[in-house]
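Enquirer: With the sequence up front, the predicted model follows.
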Amino acid sequence: MFTIGCAILLSACATSPQLVVNGAPVSGEVRALSVAEIQAAIAGLRADLPEIRSQQLTAIQVIDSDTVYVSYQSPETRSAIPHVVKRVRGHWHYTWEIVV
């Protein structure tokens, strides 16, 4: 009985759909933020770094409830660059840091 319950639990975990926001997969501490908060973090980055709008959003990693890495890929490069976005006094802002 125990092994059947574990198998069902593992199966449920394995088949959970991945969260996608604005066309990009979300990883990390996904439950720490709502979709609206993740979208606000993306909007904060775009407001602080307008040139990012012409690039392709490729991935989002939620670090915690106040930190998100938003990855964009420019048309000239093949690798995506994760930009650090933090919530400060209720507003999302680009920290002018990238993850290496």
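Expert: It's in.
Enquirer: Tell me the spacing between residue 52 and residue 21.
Expert: 16 Å (Cβ to Cβ, to the nearest Å). Yep, even glycine has a C-beta here, placed from its N, CA and C like the rest.
Enquirer: The closest residue to residue 53 other than its chain neighbours: neighbouring residues, count only.
Expert: In space, residue 53 comes closest to residue 46 once its chain neighbours are excluded; the distance is 5.6 Å by Cβ to Cβ, 6 or more residues apart in numbering. Residues within reach of residue 46, counting by other Cβ atoms under 10 Å, total 18.
Enquirer: Can you tell me the element residue 46 falls in?
Expert: Following DSSP states H and E, one finds residue 46 within helix 35-48.
Enquirer: Buried by neighbour count: which residues of that helix qualify?
Expert: For helix 35-48, burial by neighbour count (16 or more other Cβ atoms under 10 Å) applies to 37, 38, 40, 41, 42, 44, 45, 46.
Enquirer: Please work out which residues outside stretch 82-89 touch it.
Expert: The contact list for stretch 82-89 (Cβ atoms under 8 Å, 6 or more residues apart in numbering) reads 41-42, 44-45, 49, 52, 59, 61, 65-72, 92-95, 97-99.
Enquirer: buried ones in that stretch?
Expert: Within stretch 82-89, judged by 16+ other Cβ under 10 Å, the buried ones are 82, 83, 84, 85, 86, 87.
Enquirer: Tell me which of the residues you listed fall in strands.
Expert: 82, 83, 84, 85, 86, 87 (DSSP state E).
Enquirer: farthest-separated two in these?
Expert: By the measure Cβ to Cβ, 82 and 87 form the most distant pair in those, at 16.7 Å.
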